[in-house]
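>>> return a 3D structure for these sequence lines:
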Amino acid sequence: MSEQAKRYLINALKYGVGLVLLGWMIWRNWAPPGGSGIGLRDAFAKPIQLLPLGVAAACFTTAVALTFLRWYVLVHAQDLPLSLLNTLRLGLLGFFWNTLLPGSIGGDIVKATYIAREQSRRTVAVATVLIDRALGLWGIILIVALLGGTFWICGSPIIHGSAEMRSLILGCVVVVAVTVCVWLVLGVLPARRVHRFAGRLGSIPKIGHSAAEFWLAVWMYRSKRNSMAGALLLSLGSQFFFIFTFYFAAQIFCEPNERVLMPDLREQFVLVPVGIAAQTLPLTPGGMGVGQAVFGWLYGLVDEAMTVTGVLASIARDVIAWTLGFIGYLVYLRMRPAVPPPIEEEPVPATVPSAS
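Sure thing, here's the model as predicted:
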């Protein structure tokens, strides 16, 4: 079997797993256990509430727009010629494929491929996509570490009563601490050592030039403090809007004046980022099925009766994402790309900027 056939088979299996897992989560939560409580059957029988739906869609659209702007900041930190309109065009393309390819970051591969075609510094262009995604994930971890740690110290009964939530928060705190230490070390690393390491990478056969240029791109970001601070703020802002998306998505099938059985907003700021991070795993298309299972489990940590709400909110959020992704792709098709510059790989620079 050829490599291409293997890839097609693996992707087909991932789609199959996603559909089976989604179907199983719907079946498992369709009717409430023991005939009491609320199941998906009862929720879907209610009329859709347009106000929560509209607010959830607006929050999700704003969050996605902030991720596009974050990437724009990172691209210009590398002095790459990419207009805001072209950033929107490629962002819409990447977001559309994020909803279809395995994991919620599969579209980043498509976006990286397209921007590499339109830039002369191909490796640096791809690096902006990778670092954009890494910064987005780090923003998720930072929110859980900061807010979860704060709620824990303030005596949140939910966190104190759940060993799983405490473990999640501790894990995020460790990741933040380690990455901050590495970032600080990069700040005191002499430029000559950076250049020397780039030279060693450049001597690697076939991939040396690309590896060296990627390393220098990362170093360049370390010296762009204002750009990185702005990108981090945009990342945190987008995560806040994603959290509010879930908060209102859980109310779409809840009639006015009816109490919604779901975690409060404070708890959502700890639970939702963890679920979003889990959906980035390249297991199923757009995290289909995985998101419903993870959010059902996370909401169930607060109260087992809230499991159905977690599954329901995740389904509603995915429907919003699929709809927005399809609309975005139609907009992308109507947008005209900029004329790409001549493709000429630049040599690895002899000097690198110092991290002042």
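
>>> from what I see, Phe295 and Gly275 are in contact.
Yes - with contacts counted by C-beta atoms under 8 Å, Phe295 reaches Gly275, the gap being 4.6 Å. Where C-beta positions appear, they are placed from N, C-alpha and C, glycine not excepted.

>>> shared neighbours, those two?
246, 314 (C-beta atoms under 8 Å, 6 or more residues apart in numbering).

>>> quick one: contacts for Ala249?
52, 56, 313-314, 316-317, 320.

>>> among these, which one sits closest to Trp27?
Ser314 (15.2 Å; C-beta to C-beta).

>>> related to what we said a few turns ago, quick check: the farthest pair among the contacts of Ala249?
Among the contacts of Ala249, Pro52 and Ser314 lie farthest apart (C-beta to C-beta), at 15.0 Å.

>>> compare the two and say which is more crowded by neighbours.
Ser314 (30 against 19; other C-beta atoms under 10 Å).

>>> distance of the residue nearest to that one when sequence neighbours are not counted from Trp219?
Once flanking residues are discounted, Ser314 sits nearest to Phe295: 4.2 Å by C-beta to C-beta, 6 or more residues apart in numbering. As judged by C-beta to C-beta, to the nearest Å, Phe295 and Trp219 stand 38 Å apart.

>>> repeat for Val129
Applying C-beta to C-beta to Val129 and Trp219 gives a distance of 18 Å.

>>> ok, His160 - contacts?
Residues near His160 by C-beta under 8 Å, 6+ apart: 152, 166.

>>> just to check, Ala211 is in contact with Ile204?
Yes - between Ala211 and Ile204 there is a contact at 6.0 Å, judged by C-beta under 8 Å.

>>> which one's more surrounded, those two?
Each of Ala211 and Ile204 has its neighbours counted (other C-beta under 10 Å); Ala211 has more, 18 against 12.

>>> tell me the pLDDT at that one?
At Ala211, the predicted lDDT confidence score is 71.

>>> in what helix or strand does it lie?
helix 208-223 (DSSP states H and E).

>>> helices and strands around that helix, which ones?
Helices and strands touching helix 208-223, as assessed by 3 or more C-beta pairs under 8 Å, 6 or more residues apart in numbering; DSSP states H and E, comprise helix 50-77, helix 122-143, helix 163-188, helix 191-202, helix 225-249.

>>> coming back round to it: nearest to Ile327 among the contacts of Ala249?
Ile320 (10.7 Å).

>>> what helices and strands are in contact with the host helix or strand of that closest one?
Assessed by DSSP H and E, Ile320 sits inside helix 307-334. Under the contact criterion of 3+ C-beta pairs under 8 Å, 6+ apart, helix 307-334 touches helix 3-28, helix 40-44, helix 50-77, helix 84-98, helix 225-249, helix 290-302.

>>> tell me which of these sits nearest to Arg193.
That would be, of the helices and strands packed on helix 307-334 and by C-beta to C-beta, helix 225-249, which comes in at 19.9 Å.

>>> distance between that closest one and the chain's centre?
10 Å (C-alpha atoms, centre = their mean, to the nearest Å).

>>> which positions within that helix qualify as buried?
Across helix 225-249, burial judged by 16 or more other C-beta atoms under 10 Å covers 227-228, 230-232, 234-249.

>>> next SSE downstream of it?
Counting by DSSP H and E, the element after helix 225-249 in chain order, helix or strand, is helix 265-279.

>>> by contact count, what packs against that following helix?
Against helix 265-279 (3+ C-beta pairs under 8 Å, 6+ apart) you get helix 122-143, helix 149-153, helix 163-188, helix 225-249, helix 290-302.

>>> what's the first helix or strand after the second one?
Next helix or strand after helix 149-153 toward the C-terminus (DSSP H and E): helix 157-160.

>>> list the buried residues of that next one.
Across helix 157-160, burial judged by 16+ other C-beta under 10 Å covers 158-159.

>>> mean confidence score for that helix?
For helix 157-160, mean pLDDT is 79.

>>> and that helix, how far out from the chain middle?
Here helix 157-160 is found 27 Å from its chain centre; the criterion is C-alpha atoms, centre = their mean.

>>> and stretch 245-262, by the same measure?
With C-alpha atoms, centre = their mean, you get 24 Å for stretch 245-262.

>>> using CSV, write down the CA coordinates of that stretch.
Below are the C-alpha coordinates for stretch 245-262, written out as CSV (Å, rounded to 0.1, in the frame of the first residue of the first chain):
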residue,chain,number,x,y,z
THR,A,245,-19.6,31.0,23.6
PHE,A,246,-20.1,27.8,25.6
TYR,A,247,-21.8,29.7,28.4
PHE,A,248,-24.6,30.9,26.0
ALA,A,249,-24.6,27.8,23.8
ALA,A,250,-25.7,25.8,26.9
GLN,A,251,-28.8,28.0,27.0
ILE,A,252,-29.9,27.7,23.4
PHE,A,253,-32.4,24.9,24.2
CYS,A,254,-33.5,26.4,27.5
GLU,A,255,-36.9,28.2,27.7
PRO,A,256,-37.1,31.7,29.2
ASN,A,257,-37.1,31.7,33.0
GLU,A,258,-36.0,28.1,33.1
ARG,A,259,-33.0,27.2,35.3
VAL,A,260,-30.1,25.9,33.2
LEU,A,261,-28.3,23.0,34.9
MET,A,262,-24.7,24.0,34.2
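
>>> so who does the residue nearest to Ser238 when sequence neighbours are not counted touch?
In space, Ser238 comes closest to Leu66 once its chain neighbours are excluded; the distance is 3.9 Å by C-beta to C-beta, 6+ apart. Residues in contact with Leu66, defined by C-beta under 8 Å, 6+ apart, are 234-235, 237-238, 241.
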